[in-house]
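Undergrad: predicted model and sequence below, questions to follow.
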Amino acid sequence: MIHSFIIGVNFTDWWKGRPVTLVDHIVTSLGIPRICAQCVITVFLFVIRLLSNLNSNAPLAIGVVYVFFIYANFWLTSLLSIVFCLKISNFHSRLFLYLRGVIAHRTVYLIVAAVLLSALNCLMPSFTAITDWMRGGTYNTTIPDQCMDYINNYYTYSYAIGASIPLIFYCISSAVLFTSLYHHTRKMKMSSNLSINLESYYSVMKFVFFTFIYNTIYFISHFLSILFYFFYGVDLNWLYIVLEFLPVLHSSYLIYRTAKLRSKMSKVFQNVMNSFF
């Protein structure tokens, strides 16, 4: 619901020819894998329960799709942080200005690249594991437990590496942005200019900190669920349902901090209240 609202507002603005910023493009793209991840994990748990006693490839296929949306979420969140860093930070080095120009003119290409990296990250472990398994035996139409063990092992290493890369990019860009805002607000305080309003700077710093906490918890929780299955053979399926509420909280906070989205949301609430009263 929350993700659909963000996508709907930005898509409507684009459809009506209104100006859409780089951040709007990324936020809209970010909402799509978040919606899909919620739907896929619900279907995945239903299929797991329904086909628990059957030898079926359906859970594997759905699981790969879910992992794809998880990777897309990580990469697009990192891209959003990098764009914020380049747009807001007040550095003036040649490299920084060059990267700012690249982001400004190639945002769509970077979004596509993030999606392709996510697809590569989730498909390569499966193909590699299935290939290794087929070398040691005959091919069957259903994937047995031995091949599933291959895939789970490869996914453990793949997640540790593949999800860490966008997290590292996110941490670096967030640290640079937070440092830049901190030094800038400190200089403005020292200037003793009472007419300067620092609330907008504090708002961005709060958003950066909130997103950092969300991204870190989301990454660590998924990694722990994989480790539990890898070492103890325990499926923490309930944890995936809980984890998909974290992107909802992040999108809700994004609506609260974005003037356009906040205004649209207030109008929606007002129309709903008027229809009931």
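TA: Thanks, I have it.

Undergrad: elements contacting the helix or strand harbouring Cys171?
TA: Using DSSP states H and E, Cys171 sits within helix 164-190. Applying 3 or more C-beta pairs under 8 Å, 6 or more residues apart in numbering; DSSP states H and E, we find helix 164-190 packed against helix 58-88, helix 199-232. For every residue, glycine as well, the C-beta is placed using N, CA and C.

Undergrad: TSV please, covering those and showing mean neighbour count and distance to Ile241.
TA: What follows is those, written out as TSV (neighbours: other C-beta atoms under 10 Å; distance: least, C-beta to C-beta, whole Å):
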stretch	mean neighbour count	distance to Ile241
helix 58-88	22	12
helix 199-232	15	11
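
Undergrad: is it possible to get TSV of those helices that adds mean pLDDT and distance to Ser118?
TA: As requested, the helices and strands packed on helix 164-190 are arranged in TSV below (pLDDT from 0 to 100; distance: least, C-beta to C-beta, whole Å):
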stretch	mean pLDDT	distance to Ser118
helix 58-88	83	4
helix 199-232	82	14
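
Undergrad: separation between Leu249 and Ile255?
TA: Going from Leu249 to Ile255 by C-beta to C-beta, to the nearest Å gives 11 Å.

Undergrad: kindly report the same for Arg106.
TA: Going from Arg106 to Ile255 by C-beta to C-beta gives 27 Å.

Undergrad: higher neighbour count, Leu249 and Ile255?
TA: Each of Leu249 and Ile255 has its neighbours counted (other C-beta atoms under 10 Å); Ile255 has more, 19 against 12.

Undergrad: the helix or strand containing that one vs helix 199-232, what angle?
TA: Following DSSP H and E, one finds Ile255 within helix 245-257. Interaxial angle of helix 245-257 relative to helix 199-232 (axes from the mean of the first three to the mean of the last three C-alpha atoms, to 10 degrees): 170 degrees.

Undergrad: what about the stretch 1-150 of the chain, any weak spots by pLDDT?
TA: 47-60, 125-150 (pLDDT under 70).

Undergrad: which residues in it form helices?
TA: 2-15, 22-50, 58-88, 94-105, 107-135, 145-162 (DSSP state H, counting those that start in this stretch).

Undergrad: can these go into CSV with extra columns for distance to Lys264?
TA: Shown next, in CSV, are the helices of the stretch 1-150 of the chain (distance: least, C-beta to C-beta, whole Å):
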stretch, distance to Lys264
helix 2-15, 5
helix 22-50, 12
helix 58-88, 19
helix 94-105, 25
helix 107-135, 22
helix 145-162, 35
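
Undergrad: alright, I will stop here.
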